[in-house]
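Student: below are the sequence and a predicted model; questions follow.
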Amino acid sequence: MEFQFHPASRRGAVRSLALGPRGEKAAAALTAVAALAALSLFLTVPTAVRRALRREGSAALAQESEAASKQRRGLEGRAAGLKDRALDSGDLLSRIAFLYRVSPARWPKSLNPEAGVLEAKDPGEIARGLARYLVALESGLAVLQEAESAAPTLPARTPSLLPVSGDLVEPSAFFGPRTSPWTGTEEFFTGLDLAAAAGSAVLAPAGGEVVFAGRVPPSPDSRLWRFGNLIVLSHGASGATLFGHLAEIKVRRGQRVTRGERIATVGSTGWAVSPGLHYEYWRIGGGLSPTDPRFAILDRRLTRGDVSLEKMWATSAPGPLEPLPGM
C-alpha cells in the first residue's frame, strides 16, 4: 500500500510512503480505532449533554419547588395567625356578651365555635371564613355598644379583672365537679383557686359594695366557713363576687369600692395549705348562683376560646347552695 502526499504548491515534489504488510495492518488498526472513537463521541456526547441538562433542570426545579413550599408555609403561617387573632376576638366579645346578659338569640351564630367558620386549614378557605367571621365580629360589637349605651354604668360594675395582682398567679383548682382533697368525696367546686404569693394584693374586679367582710361561723351545713377570712362584693344587676383564704381584710361592710381597688391580701386562712385566693362569681339568672369565674376574667387568658355564649349561659353550679352572706 502506498500513500502519496501532494504539496500545496505545484512546484513542490510529491512524496510517497510505501507500507509493507505490517504497515498496512497497523494503518487499518489505527483507522478502526479512529472510527470507533468517532462513533463513541457521536453516541456519548449527546447522552452526557442530556444528563447535564437534566441535572440542571432538576436543580432549577428543586429550587423553584422549595421556594414555592416556603412561600406556602409563610402564607399558611400568616393565615393561621389571623385565624387565631380572630378567634381570640370572638371569644372576648362572647364573654363580654355573657357578662352583659346578652341573649344568645341576639348573638351572631358565626361567633359560636360550634359553627366551625374558621375550622379550615387551607389559606384560601381561611380567607373566606375570615370575611364571614369579620362581619359577625362587627355585628357582635354593635350589640355590646347598644347594651352599654342603654346602661352607661354597665362596664364599671361588671366583674372583668383577675382579682390578684402580680405575675406569679396560677390557677390551682377549677370550677366544676371534682373529688374533694379534704374529704375524698365527690363535690362540685363552685369557684376558682388561684395560687399566689402571700401578701399579694387582692383587687376588686369591678365597682361594687362590700356586703360582708369577716368569717362565717363554723357549721356542718356551711361550706363558706372553710374559706377563712372572707369578702363578698355586690355588683348590683351584674351579680356578686366572693374572695376567700384572705390574710388581711382592707375594707369594711357597707364600703363602696371601685374596679382595681385593693380590698385584701392573699393568705392561707381556713382550709388552705398554701397561700392563694379562692374566687367565686355569682350571676343573676332566675336567682343568684355561681358560674365559672374564668368567664369574668377578661385581662388574663385562663380558659380556652371554645365556649359559646349558649354554653356560658348554661354553666351553673347545681343547687341548692348556701346563700352568700350579706346578699
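Tutor: Great, that's in hand.

Student: the stretch 151-300 of the chain: helices as residue ranges?
Tutor: Residue ranges of the helices in the stretch 151-300 of the chain, as given by DSSP state H, counting those that start in this stretch, are 154-157.

Student: can you pull out the low-pLDDT segments for it?
Tutor: Of all residues in the stretch 151-300 of the chain, none has pLDDT under 70.

Student: quick one, strands of it?
Tutor: With DSSP state E, counting those that start in this stretch as the criterion, the stretch 151-300 of the chain has strands at 170-173, 176-179, 186-189, 192-195, 201-203, 208-214, 229-234, 240-249, 256-257, 262-266, 276-284, 288-291.

Student: neighbouring strands for the longest one, and are they parallel or not?
Tutor: Translated: strand 240-249. Applying DSSP bridges, strand 240-249 is found paired with strand 229-234 (antiparallel), strand 262-266 (antiparallel), strand 276-284 (antiparallel).

Student: residues contacting the closest residue to Pro217 other than its chain neighbours?
Tutor: Nearest residue to Pro217, sequence neighbours excluded (Cβ to Cβ, 6 or more residues apart in numbering): Trp225, at 6.4 Å. For the C-beta atoms, the positions are set from N, CA and C on the backbone; glycine is no exception. Taking Cβ atoms under 8 Å, 6 or more residues apart in numbering as the criterion, Trp225 is in contact with 215-219, 270.

Student: also Pro205?
Tutor: By Cβ under 8 Å, 6+ apart, the contact list for Pro205 reads 159-163, 241, 259, 296-297.

Student: for Gly228, see how far away it is.
Tutor: Taking Cβ to Cβ, to the nearest Å as the criterion, Pro205 is separated from Gly228 by 20 Å.

Student: hmm, back to that, relative to Ser139, which of the strands paired with strand 240-249 is closest?
Tutor: strand 276-284 (24.0 Å; Cβ to Cβ).

Student: so which bits of that closest one are buried?
Tutor: 276-283 (16 or more other Cβ atoms under 10 Å).

Student: need the residues that contact it.
Tutor: With Cβ under 8 Å, 6+ apart as the test, strand 276-284 has contacts from 101, 159, 163-164, 172, 190-196, 202, 227, 237-246, 266, 268, 272, 288-293, 295-296, 324.

Student: ok so, going back, to Ala151, which of the strands paired with strand 240-249 lies closest?
Tutor: strand 276-284 (13.9 Å).

Student: what residue is smack in the middle of the protein?
Tutor: Asp84 (5.9 Å; Cα atoms, centre = their mean).

Student: now which of the contacts of strand 276-284 would you call buried?
Tutor: Buried members of the contacts of strand 276-284, scored by 16+ other Cβ under 10 Å, are 101, 159, 163-164, 190-196, 202, 227, 238-246, 266, 272, 289-293, 295-296, 324.

Student: if we can go back for a sec, out of the contacts of Trp225, flag the one nearest to Ser316.
Tutor: When the contacts of Trp225 are compared for distance to Ser316 (Cβ to Cβ), Val216 wins out at 22.1 Å.

Student: burial of the closest one, as a residue count?
Tutor: Val216 has 21 neighbours, counted by other Cβ atoms under 10 Å.

Student: relative to Ser180, how far out is it?
Tutor: Separation of Val216 from Ser180 (Cβ to Cβ): 18 Å.

Student: in the stretch 1-150 of the chain, which spans are helices?
Tutor: Using DSSP H, counting those that start in this stretch, helices in the stretch 1-150 of the chain cover 21-99, 123-150.

Student: pick out the shakiest of the ones you listed, pLDDT-wise.
Tutor: Among the helices of the stretch 1-150 of the chain, helix 21-99 carries the lowest mean pLDDT, at a mean of 69.

Student: rewinding a little: let me have the strands paired with strand 240-249 in a markdown table, extended by distance to Met312.
Tutor: Shown next, in a markdown table, are those (distance: least, Cβ to Cβ, whole Å):
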| stretch | distance to Met312 |
| --- | --- |
| strand 229-234 | 21 |
| strand 262-266 | 26 |
| strand 276-284 | 10 |
